[in-house]
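>>> Fold the following.
(chains A and B, ligands or ions: 1)
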Amino acid sequence: MAVKRMIEAIREALDEEMARDPRVIVLGEDVGVKGGVFVATRGLLEKYGQDRVIDTPLSESGIVGVAVGAAMNGLRPVAEIQFADFIHPAMDQIINEAARIRYRSNGAWGCPLVVRTPYGAGIRGGLYHSQSVEAFFAHVPGLKVVIPSTPADAKGLLKAAIRDEDPVIFLEPKRGYRLIQGEVPEGDFVVPIGPARVAKEGSHLTAVAYGMMLHLTMEAAAEVQQEGISVEVIDLRTLAPLDRTALVESVKKTGRALIVYEDNLTMGMGAEAAAVLAEEALYHLDAPVRRLALPDIPATPFAGVLEDAVLPNAERIAQAMRELARA
Amino acid sequence: MYRFMVLSRALDERMWIIQRQGKVPFVITAHGQEAAQVGAAMALRPGQDVIVPYYRDMALMLTLGMTPRELMLNVFSRAEDPNGGGRQMPAHFSLPRLRVLTGSSPVGTQIPHAAGAALASRLRGEDSVTFCSFGEGATSTGDFHEGVNFAAVLKLPVIFFCENNQYAISVPVRRQMAVESAAQRAAGYGIEGRSVDGQDPVPVYLAVSEAAERARAGRGPTLIEVRTYRFVPHTSDDDDRTYRTRSEVEEFRQKDPIPLMRRRLEEAGLWDEQREKALRDEVAAIVDDAADYAERAPRPDPASVMRHVYAD
Ligand SMILES: Cc1ncc(C[n+]2csc(CCOP(=O)(O)OP(=O)(O)O)c2C)c(N)n1
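Here you go, the predicted model:
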């Protein structure tokens, strides 16, 4: 298996799916000639032509709306929103249209599309190039929300998303595009949407994370391991539908849970995971569930010292693990 | 054409009665806009062209081939309603057999869908045209701009069909746009624009036929405005007396497309009292049958409420 960067794994998945299925098209701003601002789609235009790799006008609602119509009429569109921070004009098309098409038509129509978008902080991107938007979408039945944290998962989950019969919001941790490397299976490698992954086994506490935070959580877990704290790390991978069983099973074993995410604290994945554990694993808990997240500020500030002051990092995660292990 | 106009009006009148009897909670219809919709539908190829309608298109749907029973099932929200089995409000049309895409309530959202459907048709090598309708209020939305611009830039085979009935609920057209006609907006996108009399199905038929030809020849989308009027409130929840005078409505009644069409047929020697009576009897029987059938049809099964969130 070759070691690849996350961005290369994403490109490989797109390329293989376009080669496999002529219904797959890619559309978005700058995805064609330039190959995307993060070059996820580089080379696809030359290979598949401008009918299937479409540089669109600057219109987020239009991009998703066009993808919705194309999906209903037999294509498998993969729409790119250049940054998650600009997805809000398309919220209506995603939530009111894509997510509800199957339900509202009583199963007569489906909407098999993927909306790919880079999200997240840690890149000195300031308020409008750092946002985490997963909770907005994870709240909406009818959508699937997927966040890979490894190159292998990025490839396998994106292939699954393209083949899925329902709309999938595919959030790519942009800080990890080049930073995260890993082995990626060649050829047709598909990771099912839904199941979480045990990234590391452990016995004293469970840490739940996804995306870039998974890596910082792994770092923190390695650090506290040396102090005798054994952390089990769960990579959610799919936020909706949520793998409740994986959470509950792990906490039955460890009795403690820390949820780490870079989205705002309130009403985020931490709230949902904590509620699941309260409902299904309360009597296995030896300590209150803890959340470590971005505080409730509108988004991460631009200046480095300000961003560093609020974004969870390995050190803070390790500290939270120590406190939880002692609690 | 005349037959569909009369049938649509009769179904429509019965729906309002059914609503006033308290049998159904909500009605929204094509009352007054039948000529525009029938004229357009006649220029399309049912089952071949992709249709992206809006909530006022009952006469269009009827002419394309949605049956009176299906329309009534929709109003009664019955399990058998093909538009959504009672999940959506009435008049949110959806019918795969006629390639009618499912629609929602937020105004204008279907316009980019039409561009996408046309893109798909072209990529799949079909010779179908996508027809997308909306009110003049919808032309003020961002999705109108995004969808029309998208289709224009990619020269997609779409017909954008604006049914300008002078009001978006209570807001008159002069508060909606500073241009004379919605068709003028076409110039801003570099596409053809046409404004036609919507009380006469013939010019509408011709305009839509021409636009379909243009689309099929690869010459891109057309924006057609049909000038029309609705004689009834926006929906059964609306009282139009708060925003327009009775004399205005009466004035427009003079342009009711149904008597106009009848007079025209009579003048051409194609119609007489006897034919009219036969048609009225036929239509009354169809409406009775549809209403009875739908009223008696089973309601949706509450146990089905969790179904179709995702593909099974
Ligand atoms: C985005 C949005 N805003 C408001 C509404 C409420 N609303 C429903 S119909 C309507 C008027 C639409 O007028 P127009 O587009 O001219 O169509 P008409 O009903 O006159 O045929 C409004 C404001 C809505 N459905 N969607």
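>>> First-to-last residue distance for stretch B:211-230?
End-to-end distance for stretch B:211-230: 25 Å, by Cα to Cα, to the nearest Å.
>>> and if you look at stretch B:152-159?
Distance across stretch B:152-159, first residue to last, is 11 Å (Cα to Cα).
>>> Mind listing residues that contact it?
Residues from elsewhere that reach stretch B:152-159, judged by Cβ atoms under 8 Å, 6 or more residues apart in numbering or on different chains: A:54, A:57, B:114-115, B:118-119, B:121-122, B:128-132, B:150-151, B:189-191, B:208, B:211-212, B:215-216, B:218-222, B:224. C-beta here means a position set from N, CA and C on the backbone, and glycine is covered the same way.
>>> repeat for stretch B:295-303
Contact with stretch B:295-303 is made by B:Lys23, B:Met72, B:Leu73, B:Phe76, B:Ser77, B:Arg78, B:Ala79, B:Glu80, B:Gly85, B:Gly86, B:Arg87, as judged by Cβ under 8 Å, 6+ apart.
>>> what about the fifth one, how many neighbours?
Read that as B:Ser77. B:Ser77: 22 surrounding residues under other Cβ atoms under 10 Å in any protein chain shown.
>>> Please, which helix or strand holds it?
Here B:Ser77 sits in a region with no helix or strand, counting by DSSP states H and E.
>>> where's it relative to B:Arg20, distance?
Distance, B:Ser77 to B:Arg20, by Cβ to Cβ, to the nearest Å: 17 Å.
>>> Give me the next element, helix or strand, following the helix or strand hosting B:Glu213.
B:Glu213 belongs to helix B:201-216 when elements are defined using DSSP H and E. Downstream of helix B:201-216, the next assigned helix or strand under DSSP H and E is strand B:222-227.
>>> what sits against B:Ile111?
With contact set as Cβ under 8 Å, 6+ apart, B:Ile111 has these partners: A:Gly65, B:Val52, B:Cys132, B:Phe134, B:Ala138, B:Thr141, B:Asp143, B:Phe144, B:Glu146, B:Gly147, B:Val148, B:Phe160.
>>> wait, isn't A:Ile297 in contact with A:Asn264?
Yes: at 7.5 Å, A:Ile297 counts as touching A:Asn264 under the criterion of Cβ atoms under 8 Å.
>>> So for these two, which sits in the more crowded spot?
The neighbour count for A:Ile297 versus A:Asn264, taken as other Cβ under 10 Å, is higher for A:Asn264 (18 against 12).
>>> these two touch, right, the more buried one and A:Thr300?
No: the pair A:Asn264 / A:Thr300 is not scored as a contact, 10.2 Å apart, by Cβ under 8 Å.
>>> quick one: common contacting residues for the two?
Residues touching both A:Asn264 and A:Thr300 (Cβ under 8 Å, 6+ apart): A:Leu294.
>>> can you give me the strands in the chain?
This is for chain A. In chain A, the segments counted as strands under DSSP state E are A:2-5, A:24-28, A:53-55, A:76-80, A:114-119, A:144-146, A:168-173, A:181-184, A:197-200, A:205-209, A:231-235, A:238-240, A:257-264, A:290-294.
>>> Sorry, I should have been clearer: chain B.
Using DSSP E, strands in chain B cover B:50-52, B:130-135, B:158-164, B:167-168, B:171-172, B:192-197, B:222-227.
>>> Could you dump the ones you listed into TSV and include mean neighbour count?
Shown next, in TSV, are the strands of chain B (neighbours: other Cβ atoms under 10 Å in any protein chain shown):
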stretch	mean neighbour count
strand B:50-52	29
strand B:130-135	29
strand B:158-164	29
strand B:167-168	20
strand B:171-172	13
strand B:192-197	19
strand B:222-227	27
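>>> Let's have those strands in TSV, adding mean pLDDT.
As requested, the strands of chain B are exported to TSV (pLDDT from 0 to 100):
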stretch	mean pLDDT
strand B:50-52	98
strand B:130-135	98
strand B:158-164	98
strand B:167-168	97
strand B:171-172	96
strand B:192-197	98
strand B:222-227	98
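>>> Point out where the stretch 201-327 of chain A drops to low pLDDT.
Scanning the stretch 201-327 of chain A for pLDDT under 70 picks out nothing.
>>> Looking from the ligand, tell me which residue of the stretch 151-300 of chain B is nearest.
Residue nearest to the ligand within the stretch 151-300 of chain B: B:Ala168 (3.1 Å; Cβ to the nearest ligand atom).
>>> Please list all residues in contact with the closest residue to that residue other than its chain neighbours.
In space, and not counting its chain neighbours, B:Ala168 is closest to B:Gly137: 2.9 Å by Cβ to Cβ, 6 or more residues apart in numbering or on different chains. Under the criterion of Cβ under 8 Å, 6+ apart, the neighbours of B:Gly137 are B:Val107, B:Ala168, B:Ile169, B:Val171, B:Gln176.
>>> and the gap between the first one and the ligand?
With the distance defined as Cβ to the nearest ligand atom, to the nearest Å, B:Val107 ends up 4 Å from the ligand.
>>> Go ahead and confirm that residue touches B:Ala138.
Yes: using Cβ under 8 Å, B:Val107 is in contact with B:Ala138, at 4.9 Å.
>>> Can you give me every residue that contacts the residue nearest to B:His92 when sequence neighbours are not counted?
Excluding its sequence neighbours, the residue lying closest to B:His92 (Cβ to Cβ, 6+ apart) is B:Gly103, at 5.3 Å. By Cβ under 8 Å, 6+ apart, the contact list for B:Gly103 reads B:Val52, B:Pro53, B:Tyr54, B:Tyr55, B:His92, B:Phe93, B:Ser94, B:Gln110.
>>> B:Gly84 versus B:Gly103, what's the distance?
Applying Cβ to Cβ to B:Gly103 and B:Gly84 gives a distance of 10 Å.
>>> re earlier: among the contacts of B:Gly103, name the ones in helices.
Mapping these onto helices (DSSP state H) picks out B:Gln110.
>>> Going by neighbour count, which of the contacts of B:Gly103 comes out on top?
B:Val52 (33 neighbours).
>>> burial count for B:Met89?
18.
>>> So it versus B:Pro25, what's the distance?
9 Å.
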